[in-house]
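> Kindly return the folded structure for what I paste below:
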Amino acid sequence: MKYRSVFFLALSLFIVLSSARVIDRRSSDIIIEKFPPTLSTHRYPKRAEEDQDQLEDIVDYRNSGSKTTSTVTTTATTTATRVPTKRPQPTSAPSTRPEDIYGGIGITPQNGVVGALLIVLGLYLMVFGFRSFRITLAVCGFLSFGLITWVAMANNQPFYGYINNDITMIAVPFGLGILGAIIYALFWNISIYLIGALGGFALAMYILCCKANLLIANVVARAALLVALPFFMSFITYFAEVYVLLFTFSFVGAYCFIVGVEFLAHTGYLAGIKSILDGNPYHQVVYVISKNVIILIVFIGILFLISFGWQFTYNKGQKFGVLITETPVPNEKPAAKKEEGPGEPGKVDKEKPHIEEEKKS
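Okay, here's the model as predicted:
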């Protein structure tokens, strides 16, 4: 009876240890499925190496732990092949690398598409922004909704990105931008004031990016400027509609044009925009003022002044959405009135009495 109890105890211990080994190996397989080496994209080669090292650390730690629980004798002699380390957080310090600022090395297809689109829209607003009506409303609605959508997606983007991340980050803002264009074109009596707010927002972005690591370092004060200036521009649109809209079309057009050039030139100015709009801890970048960045900042002001002068002169005396034309009046001389002379005497009826002109003497 005593030996039988020992036998069942040993058998139970063997079953428990075997089950523990199977469960431990299964958990390692789950970790491999959860963190496959192929998840790291070409955009983050350094992070891909870090993830691979983390995966190897976890697997080695699991395997070494399972060995120590198999027998008592191997515990004192067997050690892990690699010392398990604490898994670092999937974030890094602010970076100045182009792949972190522009999403890749060199001019990627996404950079080309966005840059070309912004250049075309910027040129349109600088030249024909005030002259046209429905098209200009649609362009401003597209820019507003597209920007809001991109900011929301960038701030909530996971570490490994969305599914088909490169296409998703362009297609979704583009689709909602089309929706915004339709809304602005239909409800023009409200969208005019939103266009003024767009001009104030672009001016706030320009002011903040005039200094390295932004002109206003405090996040609360920066947010206050980004809210107050658009609200102020939208308010004064009611009193000075023509001048506010001229400013908005000229400045937003110049700003979009230069940002589109920045997507192709990679001077580093985009890092300032991302520092303001993208608060995702995985997207931290450093904004550095270089000679090329200063050139872009100066050219925004120059293009704005040229566009404002052109549109003010070309549309002088016009109102946005109202085309006033002068129709020349033909120089026709008024018809001469006929001079009225004394009337001719009518027929005299001799049967009726009449006045004799002369009395016979």
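> Tell me the spacing between residue 136 and residue 245.
Taken as Cβ to Cβ, to the nearest Å, the spacing of residue 136 relative to residue 245 amounts to 9 Å. For glycine as for every other residue, the C-beta is placed from the backbone atoms N, C-alpha and C.
> next one: residue 306
When distances are taken as Cβ to Cβ, residue 306 and residue 245 turn out to be 17 Å apart.
> which of these two has more neighbours?
residue 245 (24 against 13; other Cβ atoms under 10 Å).
> which residues do residue 136 and residue 245 both contact?
Taking Cβ atoms under 8 Å, 6 or more residues apart in numbering as the contact rule, the neighbours common to residue 136 and residue 245 are residue 130.
> So for stretch 187-206, what gets flagged as buried?
By neighbour count with 16 or more other Cβ atoms under 10 Å, stretch 187-206 contains the buried residues 191-206.
> Give the rounded mean pLDDT of it.
The average of the pLDDT scores along stretch 187-206 is 95.
> ok, residues contacting that stretch?
In this structure, residues lying in contact with stretch 187-206 by Cβ under 8 Å, 6+ apart are 133-134, 137, 140-141, 143-144, 183-185, 225-226, 229-234, 236-238, 241, 244-245, 247-249, 251-252, 255, 273, 276, 297, 300, 320-321.
> swap the cut-off to 6 Å and go again
Stretch 187-206 has contacts (Cβ atoms under 6 Å, 6 or more residues apart in numbering) with 137, 140, 144, 184, 225-226, 229-230, 233-234, 237, 244, 247-248, 251-252, 255.
> hey, C-alpha coordinates of that stretch in CSV?
As requested, the backbone C-alpha atoms of stretch 187-206 are provided in CSV (Å, rounded to 0.1, in the frame of the first residue of the first chain):
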residue,chain,number,x,y,z
PHE,A,187,-24.1,75.5,-47.2
TRP,A,188,-22.1,78.5,-48.4
ASN,A,189,-23.8,81.0,-46.0
ILE,A,190,-22.1,79.1,-43.1
SER,A,191,-18.9,77.9,-44.8
ILE,A,192,-17.8,81.5,-45.6
TYR,A,193,-17.2,82.0,-41.9
LEU,A,194,-15.4,78.7,-41.6
ILE,A,195,-13.2,79.8,-44.5
GLY,A,196,-12.2,82.8,-42.4
ALA,A,197,-11.4,80.3,-39.5
LEU,A,198,-9.2,78.3,-41.9
GLY,A,199,-7.2,81.4,-42.7
GLY,A,200,-6.7,82.1,-38.9
PHE,A,201,-5.5,78.5,-38.4
ALA,A,202,-3.0,78.7,-41.2
LEU,A,203,-1.7,82.0,-39.7
ALA,A,204,-1.3,80.4,-36.3
MET,A,205,0.6,77.4,-37.8
TYR,A,206,2.9,79.8,-39.6
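> shift numbering so it begins at 880
In the new numbering, first residue 880, that becomes stretch 1066-1085.
> List phi and psi for the residue lying closest to residue 1117 once chain neighbours are set aside.
Among residues not flanking residue 1117 along the chain, residue 1072 sits closest, at 7.3 Å (Cβ to Cβ, 6 or more residues apart in numbering). Backbone dihedrals for residue 1072, given as degrees, to the nearest 10, come out at phi -70, psi -30.
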